[in-house]
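In: Would you be able to build a 3D model of this:
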Amino acid sequence: MKINHLLFLLTLLFTGMVYAQDRHDLRVSTIPDSLKTNAYAVIRYTDTEFTGKSLNSGVHSVKEAISVLDKKGEERAAFYYPGDQFRILKSFNARLYDANGILLKKFRLSDVQSSEYSTSLASDNKQYFFNCDVPSIPYTICYEYEVLWKDGILMYPTFYPIPGYNVSVEKGSMKLVLNETTDIAFRAFNMPVEPGLKTEKGISTRDWSVSNLMAYTYERMSPDLDSFIPYLYVRPISFVYDGVPGRITDWKDMGLWENKLLEGRDVLDEKIKAKVLELTENAPTDKEKVSILYDYLGKTTHYVSIQLGIGGYQPMLASEVYKTGFGDCKALSNYLKSMLSVIGIPSNYCCINYGNSDETLIPDFPNFSQMNHVVLQVPLPGDTLWLECTNPRNPFGFVHSGISGHESLVITDEGGYIQRLPDYPDSLNVEAYKADVVLKGDGSACANTIKRCHMMVYDSYSGFPYAKSDEQRDHLRESIHLPNATVTAFQFKENKAETPSIEMNYGWTTTTYGTKSGSRLFVPVNPFGENYDWMKKTKRVYDIEITRGYKDVDSIHIVLPEGFEVENIPSSVVISSKYGYFSSGISQTDSGILIVQVLSVPSGKYPVADYTAFVEYFNKISSIYQGKIILRKKQA
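Out: Numbers count the residues shown, from 1 in each chain. Presented below is the predicted three-dimensional model:
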C-alpha cells in the first residue's frame, strides 16, 4: 500500500510537471472524435489579443497550440509572420509535446529565422518563420509571441481561427483592448456578432470566441471556404498611417483618403508630355488614343512591386515611372492616368480584389482587407474601359478573369464609390476542336487539329504564347486522351481583340487511335472529350457552385482505313437539363465519319440535394464521349 501510495504521488507530481508548462491538457487522446473527423491538424486553442497603446501603435499577442494528426497537417504547425516596418516580432517561445502531452523541447526567439527577401523590387518586408523537425506524429506545438505594431494601424488583426481545409478548432478567441474613446467598426461572419464588452478605468475590452469548429474538406465546385468558416474584421474609424491621418466611416471617405495619397503624384515633365501628344495627334477617337497610350505603357514599362512604408498604398511618382520604366499596379495605373490627363481624357484610379474571392465589397463596412490590386477606369461616352496596367499582354478593352465581375472602389476627387466591373456571357467562353483524322487498319492514325479558345477560355491560355516550345507541345499532348500520342508540329495565332481568342494548329500521331480485335476496329468517339469520372463520389457535403460557364464544340472527321466499313455507330443524342445542354451527332460521309458534339455548361448554384442528379448528368455525357465506333474489315 505504501508503494502504491508513493507511485500515486509520483504520478501526480510527474503529471503536474508535464502540464505546468501549459494550462491546457494537450494529450491527443483528449481531442473529441468529432474534431478529428477529416482533420489533419487540430488547433487546441488560438487566443489573439491586441492592446492599443496609441492611435497608431499597439501590441499583438498570440497564444496557440496545434496538434498534428497527419503528415499532411504539418504545414499548419509551422510558424510564419509577415513583418515589415509596421510589424516587428518582439518575443517568441514555442514548446513541443508528444502525443501524450509530455514536453519534448523548448524554443525561443533566437530559433526563429527571418528573411528580407521579397519578390518586390523595393520592400520593407521582413518575414519571420520557424519549423521544427519532429520524430513522430501525432504531436503538439505551442506558440506564444508578441508583435509590436507601430507607425500606423489601418486594420486590427483579422480573427481567422480556421486557416484552411482539414483543420478543426477546439477553442478560439479574439480580444481587443483599447482606450474607451477609440471608435471602431467591426464585421463578423459565421460567428457571434456582438462581442463581450467590459470598460474599466478608461479601457474598453471586447472579446469574441468560438469553439468546437469541425474541419472542412475540399470539394470541387463548392462555394468559397469563407462562406462557411468564422472570421472577423475590425478597424479603427480614425487612424494615422505612416504620418498620414484619416477618418473612414463609409466607402466615400475611403475614396477621399486614397485620393489624398494621389495628390501631386501625376506630374510629368515636358518630354513625356510631348511624346504623348505626338503619339495621339492623328488618332481620330478618344478610344484609339487610349489604346495607343495603353500599348505605349506596355512597351516602355514593366511590373515590379513597391512596398515601402505607405508605398503599399501610395503610388510612386508618375515622373519616376517614366524615368525608370518600372512600377507596381498602383504606379503603372497612376502613370497611364497621368498620360491620359495630358490629352484631356479623364480616368479613375480603382482599388479591387484580384482573384476569385471577395468579388463583392461589404456595402456598409469600408475596409482595406478586401482589396489587393489597382486598375484604371476610363469612362468614355457610351463605353467605359477597365484597363489592367500591370500586364501589357492583356488585350486592350478585355476584362480578364481575375477581376471581371468584381466590385471595385472608384477613387474620385469627390470620394469613393463602388462599381462592379463587367463580366461576359457564358456562351462566349468557347473551346472548340476541329480535327481531321486519317485512320489506318492497324489502329494507328495521324491527325491535324485546330483548337480555338475564346474569351475566358482564352484567358486561361494567355500564357501559352510565352511558354517554352516543349511546354507548349506537352500541353497540346495532354488534351489528346489517347495513349502513345505525339505532337509532331504546331503553330498558333493570337487575336488580341476586346473579345480575344487564340488558335492552335497542330499535327499529331498515335499508334493506338483504334483498338483492333480480330477483324474489327474499336474507335473512340471523341479523344478530346472531358472524363467526368472524378464526380463518382457517393457523398457530398457542400452545395454545387459553377462560377464560370463555358461551351465546348468538337468536330472530328475520321477517314476510314482502306478495306474497312462501319458496322455500328452510336445514336445521335440530345440531353437538356438545368445543369446544361449536350448534343452528339455521328454520321457517315463519303470518306468516313463525322462526329459533332456540343456541351454548354452554365454558371449556377445548386443545392447539395441535387448532387446525385448532377453526377448522373455529367457521367452520361462522359460515357457518350467515351463511346466506341465499330469498324469491320470488308468481306473479300
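In: what sits up against stretch 418-433?
Out: 251, 350, 352, 361, 363, 377, 386, 399, 403-410, 449-457, 499, 528, 548-556, 600-603 (C-beta atoms under 8 Å, 6 or more residues apart in numbering). Bear in mind the C-beta positions are built from the backbone N, C-alpha and C, glycine included.
In: Separate out the buried members of the residues you listed.
Out: Buried by 16 or more other C-beta atoms under 10 Å: 251, 350, 352, 361, 377, 386, 399, 403-410, 449, 451-457, 528, 548-552, 554-556, 600-602, out of those.
In: all strands of the stretch 1-150 of the chain, in order?
Out: In the stretch 1-150 of the chain, the segments counted as strands under DSSP state E, counting those that start in this stretch are 41-54, 57-68, 79-83, 87-98, 103-108, 113-115, 122-123, 126-130, 139-149.
In: Of these, which is nearest Tyr466?
Out: Among the strands of the stretch 1-150 of the chain, the nearest to Tyr466 by C-beta to C-beta is strand 122-123 (25.6 Å).
In: what packs against the helix or strand harbouring Gln472?
Out: Take DSSP states H and E as the rule and Gln472 turns out to sit in helix 469-478. Applying 3 or more C-beta pairs under 8 Å, 6 or more residues apart in numbering; DSSP states H and E, one finds that helix 469-478 makes contact with strand 485-495, strand 501-510.
In: hmm, 7 Å instead?
Out: Helices and strands touching helix 469-478, by 3 or more C-beta pairs under 7 Å, 6 or more residues apart in numbering; DSSP states H and E, are strand 485-495.
In: before we move on, what SS does Glu288 have?
Out: The assignment at Glu288 comes out as helix when based on DSSP: H, G, I helix; E, B strand; the rest coil.
In: Tell me how far Tyr550 lies from Ser168.
Out: The gap separating Tyr550 from Ser168 is 35 Å, by C-beta to C-beta, to the nearest Å.
In: go on, Phe618?
Out: Computed as C-beta to C-beta, the Phe618 to Ser168 distance reads 31 Å.
In: Quick check on those two: which one has the bigger neighbour count.
Out: Neighbours per residue, other C-beta atoms under 10 Å: of Phe618 and Ser168, the larger number sits with Ser168, 26 against 21.
In: Could you pull up the contacting residues of that one?
Out: Contact analysis of Ser168 by C-beta atoms under 7 Å, 6 or more residues apart in numbering lists 35, 39, 42, 213-215.
In: Then Leu340?
Out: The contact partners of Leu340, taken as C-beta under 7 Å, 6+ apart, are 290, 293, 347, 378.
In: unless I'm mixing things up, the last one is touching Val290, no?
Out: Yes - under the criterion of C-beta atoms under 7 Å, Val378 is in contact with Val290, at a separation of 5.5 Å.
In: joint contacts of those two?
Out: Applying C-beta under 7 Å, 6+ apart, one finds that Val378 and Val290 are jointly contacted by 340, 345, 385.
In: In helices, which of these fall?
Out: Among the shared contacts of Val378 and Val290, DSSP state H puts Leu340 in helices.
In: how about the helices of the protein, start to end?
Out: 2-19, 33-36, 251-262, 270-280, 286-300, 318-324, 329-342, 455-460, 469-478, 611-625.
In: So which of the contacts of Leu340 wins on neighbours?
Out: Among the contacts of Leu340, Val290 has more neighbours than the rest - 26 neighbours, counting by other C-beta under 10 Å.
In: what sits against that one?
Out: Here Val290 is in contact with 340, 345, 378, 385 (criterion: C-beta under 7 Å, 6+ apart).
In: Spatially nearest residue to Ser571, not counting backbone neighbours?
Out: Spatially, and ignoring its direct neighbours in sequence, Ser571 is nearest to Ile586 (8.0 Å; C-beta to C-beta, 6 or more residues apart in numbering).
In: my guess is that neighbour meets Val566, correct?
Out: No - assessed by C-beta under 7 Å, Ile586 is found out of contact with Val566, at 9.7 Å.
In: So for the two, which residues contact both of them?
Out: In contact with both Ile586 and Val566: Ile593, using C-beta under 7 Å, 6+ apart.
In: Out of the two, name the residue with the larger neighbour count.
Out: Neighbours per residue (other C-beta under 10 Å) separate Ile586 from Val566, with Ile586 holding more: 22 against 15.
In: Report the contact partners of the more buried one.
Out: 525, 569-570, 572, 593, 595.
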